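Novice: Predicted model and sequence below, questions to follow.
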Amino acid sequence: MTTRIRKVAVLGAGVMGSGIAAHLANSGVRALLLDIVPPKAAPGEDTSSKAFRNKFVLGALANMRKQRPSPIVSEQVFTAIEVGNFEDDMARIAECDWVIEVVKEDMAVKQALFAKVEQHARKGAIISSNTSGLSIAGMLQGRGEDFRKNFLVTHFFNPVRYMKLLELVAGKETDPEVVRTIHRFGEEVLGKGIVYGKDTTNFIANRIGVYGMMRTISAMREAEMTVEEVDKIFGPAMGRPKSAVFRTADIVGLDTFIHVAKNCYDTLAHDERRDTFATPDFLQKMVEKGMLGDKSGSGFYKKAKGGGGDGEKEILALDLNTLEYRKQNKVRYESLGAAKEVEDVRERVATVMKGQDKAAKFAERVTLDVLAYSSRRIPEIADDIVNVDRGVRWGFGWDLGPFETWDAYGVRAGVARMKELGIEPAPWVEQMLAAGRESFYGVQDGRDTYWDIPSKSVKPVQENARTQRVEYLKRGNKKITGNDSASLWDMGDGVTLLEFHSKMNSIDDAIIAMMNTALDETEKNHLGLVIGNDGSNFSAGANIMAMLMAAKSDEFEAIRKMAAAFQAANQRMRYSPVPVVSAPFNLTLGGGAEAAMGANAIQASAELYMGLVEVGVGLIPGGGGTMQLMRNVYGNYSTDKDFDPLPFLKKVFLSIGTAKVATSAEEAREAGFLKDSDGISANRDFLLADAKQRVLGMAKSGFRAPRPTRFRLAGPSGAATIDMMLYDMQLNNQISAHDRKIGQKLARVLTGGDTSPTALVTEEQLLELELEAFLSLTGEEKTQDRLMFMLEKGKPLRN
């Protein structure tokens with residue numbers, strides 16, 4: 001059978017099929033995307049042309065370019081997607097190592113397609129279905145031995161690029177090596193979290209997640225809760241996404257949501273809570289009226305023109321009694337207010353569930369019901385609690401899975417409260433408590449353990465050897481030193497780790513001090529340094545609250561010292577005698593981007609949102625970002641007399657001047673934030689380990705710090721050219737006078753100040769120009785207004 005997957009055929013170009021093909025291409029894997037030939041032609045269409053016969057697939061590619069959030073990491077990924085149709089191109093699946101079926105959820109349709117696949121797939125190719133509800137036995141009817149042993153279910157979640165979960169379900173005859181191959185490929189190449197389900201309706205995530213949503217909907221009517229109240233309760237306060245319950249249904253589509261719930265109701269005759277999956281009347285009426293959520297423009301919520309005259313739209317909520325839209329009411333409960341002050345998600349969830357107000361009682365009852373239901377589904381849908389928790393976390397975006405939530409509440413307390421409410425947990429839970437185990441999860445020898453139900457014993461949680469977290473270093477007492485905002489850890493093998501842990505990992509004086517301390521220690525006793533952390537984001541930028549307070553108090557010398565110190569720390573990172581590798585992920589903005597680019601190399605998460613966004617608060621980069629980006633973009637041509645720098649200057653100016661944020665690591669590379677030699681980790685869990693290996697590789701292969709870059713820049717004439725463009729934009733009301741002023745300051749830095757193309761500008765000169773411009777802008781009243789607006793509103797002010 002196949003052991004290395006180089007090319008994959010995806011059969012079906014709908015939302016899921018095209019999303020899977022896109023993500024394969026995102027991951028550097030060639031994809032062949034096929035669909036049916038259109039059954040009807042429009043007037044004038046040539047039915048023999050490839051444009052017509054491949055119309056559905058070509059339409060899917062066109063939709064990918066328009067979708068937001070985008071399913072692709074770069075426009076370049078389209079070069080890895082080949083297109084065709086079932087009639088003309090089915091024989092081409094013989095080129096593929098893996099064939100994924102993603103057609104209509106109809107047994108007859110799938111069986112007919114698999115008959116064709118069996119004719120054309122090469123021997124040993126892996127075949128899988130993306131079904132979420134049809135049985136493996138039914139899909140395999142009529143197929144031969146080789147087909148059966150190479151077949152399994154690979155259930156991706158939509159949107160494929162962003163949802164981590166990949167559920168694997170093996171058939172009775174599936175070769176275990178097939179499962180291991182897809183597990184390894186899914187985890188290491190596609191960056192997915194792998195969960196093992198069983199051949200049951202809707203597998204793990206949808207079975208538990210949809211039960212939870214349906215149980216919430218039925219309970220809210222009894223509790224007289226509104227749509228917005230439910231979403232406020234079951235959002236971040238309970239460790240759930242902001243989309244909570246009803247916004248999630250709108251995103252998924254109410255027709256899709258009902259289909260999944262109905263599938264449970266129709267097939268789960270043995271389920272003691274089957275009635276929970278029955279579609280409520282109001283939900284059926286909404287679908288009949290075409291109120292399908294985002295795809296139709298209205299669902300549980302609807303955008304309407306605001307009454308303020310500013311053009312902004314307000315979000316109306318649905319009254320479930322009348323099915324009419326109304327303004328949302330403010331949702332205020334003491335338990336939710338208290339939860340806002342709690343950073344740790346486990347403590348936050350417990351705070352809500354143990355509150356005494358209406359919201360807390362509602363959250364407690366619904367959640368305990370879902371937890372008990374989850375316990376009763378083992379071993380029906382999965383063999384252990386780990387697969388259930390991972391399935392719900394990765395498939396529905398919960399911070400804590402059901403059993404992790406139960407641990408946060410307290411297992412024994414949860415069982416007692418369930419009995420008071422007439423809810424029945426599975427017998428094995430009380431058996432665990434009787435055996436002296438008070439929690440589902442624990443820690444042993446620095447690693448996570450869980451309660452294994454069949455053996456009635458504690459077992460280690462299985463994970464890939466490349467998984468690394470700061471949390472593991474903490475458990476192993478590997479801390480070298482630290483302060484309130486940053487810590488230095490010993491990763492082993494001669495590598496240290498600098499962790500930011502300020503609020504939002506924003507850059508402050510303490511982080512800058514620890515950057516220098518980290519280099520002092522690493523240069524003296526270690527081989528190299530990694531910069532990374534376990535947070536939600538690498539770093540959201542500088543601490544603008546502290547900056548604004550200093551500016552309002554005329555403490556500009558303090559601002560100058562901090563910015564200069566940050567510039568110096570970033571420069572020291574780059575020119576240290578030991579290699580420094582940064583490991584950015586998610587939000588890496590402003591000062592965070594500067595800290596990342598200050599390293600010798602970057603090992604980035606594939607999901608990276610990186611940019612120098614200071615213009616949004618009326619500033620330009622102040623920690624060396626302008627020079628760093630120029631250094632990356634100009635590269636080896638920075639001193640070349642025959643090289644026209646203007647196109648590259650324009651690229652850097654627009655990137656900083658428009659506060660452009662790359663929305664993937666690939667886009668960050670194209671924008672110049674990453675170099676061609678920098679690495680990308682598909683799976684965030686592996687990021688720190690991959691960065692460590694990069695440090696070791698550099699250190700053990702004769703690392704030498706790079707030489708400083710010098711630049712041949714245009715000087716005042718170049719700045720004047722840029723200002724002419726800014727002047728035109730101001731005349732046409734595209735930018736304000738203050739925007740132009742910021743642009744002029746940025747242009748002076750990027751063109752080298754008072755220089756000429758015959759001279760070479762050093763990095764230090766550019767840093768001085770940047771610091772001068774940064775400080776002058778902090779003193780501007782309109783910049784201070786922008787800083788305040790960002791702090792209050794969370795979005796830029798155009799003044």
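Specialist: That came in fine, so what should we check first? Predicted, not measured: the structure shown is a model, and the values here were computed from it.
Novice: buried sites along stretch 513-521?
Specialist: Neighbour-count burial for stretch 513-521, counted by 16 or more other CB atoms under 10 Å, picks out 514-515, 517-519, 521. (C-beta placed from N, C-alpha, C; glycine too.)
Novice: What is the nearest of those to R704?
Specialist: R704 has its nearest neighbour among the buried residues of stretch 513-521 in L519, at 16.4 Å by CB to CB.
Novice: Touching whichever strand or helix holds that closest one from outside, list them.
Specialist: Using DSSP states H and E, L519 sits in helix 509-525. Residues outside helix 509-525 that contact it (CB atoms under 8 Å, 6 or more residues apart in numbering) are 480-488, 496, 498, 500, 502, 528-529, 562, 565-566, 569-570, 572-573, 576-578, 580, 595.
Novice: what would the buried residues of stretch 513-521 look like in a markdown table with distance to T755 and pLDDT?
Specialist: A markdown table is the format used below for the buried residues of stretch 513-521 (distance: CB to CB, whole Å; pLDDT from 0 to 100):
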| residue | distance to T755 | pLDDT |
| --- | --- | --- |
| M514 | 35 | 98 |
| M515 | 30 | 98 |
| T517 | 36 | 98 |
| A518 | 35 | 98 |
| L519 | 31 | 98 |
| E521 | 39 | 98 |
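Novice: Just flag the most distant two among those residues.
Specialist: Applying CB to CB across the buried residues of stretch 513-521, the maximum distance is between M515 and E521, 11.3 Å.
Novice: picking that back up, now which of the contacts of helix 509-525 would you call buried?
Specialist: With burial judged by 16+ other CB under 10 Å, the buried subset of these is 480, 482, 485-488, 496, 498, 500, 502, 528-529, 562, 565-566, 569-570, 572-573, 576, 578, 580, 595.
Novice: In strands, which of these fall?
Specialist: The members of the buried ones among the contacts of helix 509-525 that map onto strands under DSSP state E are 480, 482, 486-488, 496, 498, 500, 528-529, 580.
Novice: Could I get the full set of strands for the stretch 51-200 of the chain?
Specialist: Counting by DSSP state E, counting those that start in this stretch, the segments of the stretch 51-200 of the chain that form strands are 81-85, 98-101, 126-129, 151-156, 165-170, 193-196.
Novice: With mean neighbour count and mean pLDDT as added columns, please give those strands in CSV.
Specialist: Converted to CSV, the strands of the stretch 51-200 of the chain look like this (neighbours: other CB atoms under 10 Å; pLDDT from 0 to 100):
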stretch, mean neighbour count, mean pLDDT
strand 81-85, 20, 98
strand 98-101, 24, 98
strand 126-129, 25, 98
strand 151-156, 24, 98
strand 165-170, 23, 98
strand 193-196, 22, 98
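Novice: Between those, which one is closest to V230.
Specialist: Taking CB to CB, strand 165-170 is the member of those nearest to V230, at 23.8 Å.
Novice: So what angle separates the directions of that closest one and strand 151-156?
Specialist: On the basis of axes from the mean of the first three to the mean of the last three CA atoms, to 10 degrees, strand 165-170 is oriented at 170 degrees to strand 151-156.
Novice: Need the residues that contact stretch 561-578.
Specialist: 507, 509, 512, 515-516, 519, 522-523, 526-529, 531, 580, 591, 594-595, 597-600, 622-624, 628, 699, 703, 705-706, 708, 763, 767, 770-771, 774-775.
Novice: 7 Å instead, please
Specialist: 507, 509, 512, 515-516, 519, 522-523, 526-529, 580, 591, 594-595, 598-600, 622-624, 699, 705-706, 767, 771, 774 (CB atoms under 7 Å, 6 or more residues apart in numbering).
Novice: Distance from the chain centre to it, please.
Specialist: Centre-to-centre, stretch 561-578 and its host chain are 30 Å apart (CA atoms, centre = their mean, to the nearest Å).
Novice: With stretch 677-688 instead?
Specialist: 13 Å.
Novice: Same check on stretch 524-532?
Specialist: Put simply, stretch 524-532 sits 27 Å off its chain's centre (CA atoms, centre = their mean).
Novice: Check stretch 12-26 too.
Specialist: Per CA atoms, centre = their mean, the centroid offset for stretch 12-26 relative to its chain is 18 Å.
Novice: For A338, which non-adjacent residue is closest in space?
Specialist: Spatially, and ignoring its direct neighbours in sequence, A338 is nearest to T351 (5.4 Å; CB to CB, 6 or more residues apart in numbering).
Novice: I'd like the distance between the one you found and S135.
Specialist: Using CB to CB, to the nearest Å, T351 is found at 43 Å from S135.
Novice: which of those two has more neighbours?
Specialist: In terms of neighbours (other CB atoms under 10 Å), T351 is the more surrounded of T351 and S135; the figures are 22 against 16.
Novice: so that one touches A339, yeah?
Specialist: Yes: counting by CB atoms under 7 Å, T351 touches A339, with 4.9 Å between them.
Novice: Which strand or helix spans K330?
Specialist: Going by DSSP H and E, K330 is not in any helix or strand.
Novice: Break this protein down into its domains, please.
Specialist: Listed by automatic domain parsing, the domain ranges of the chain are 7-196, 205-457, 471-783.
Novice: Turn those domains into CSV, columns for distance to K795.
Specialist: Listed next are these as CSV, based on distance: least, CB to CB, whole Å:
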stretch, distance to K795
domain 7-196, 18
domain 205-457, 11
domain 471-783, 8
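Novice: Tell me which of those domains sits nearest to L791.
Specialist: That would be domain 471-783 among those, by CB to CB, at 6.0 Å.
Novice: any idea how far the closest one is from the chain center?
Specialist: For domain 471-783 - counting by CA atoms, centre = their mean - the centre lies 22 Å from the chain centre.
Novice: so how far does it reach from one end to the other?
Specialist: Domain 471-783 has an end-to-end distance of 39 Å (CA to CA, to the nearest Å).
Novice: residues of the helix or strand of the chain with the lowest mean pLDDT that come out buried?
Specialist: Lowest by mean pLDDT, DSSP states H and E among the helices and strands of the chain is strand 301-305, with a mean of 89. Residues of strand 301-305 classed as buried by neighbour count (16+ other CB under 10 Å): 301-302.
Novice: Who are the packing partners of it?
Specialist: Strand 301-305 sits against strand 313-319, with contacts defined as 3 or more CB pairs under 7 Å, 6 or more residues apart in numbering; DSSP states H and E.
Novice: Can you pull out the low-pLDDT segments for the chain?
Specialist: Of all residues in the chain, those with pLDDT under 70 make up the ranges 1-2, 306-312.
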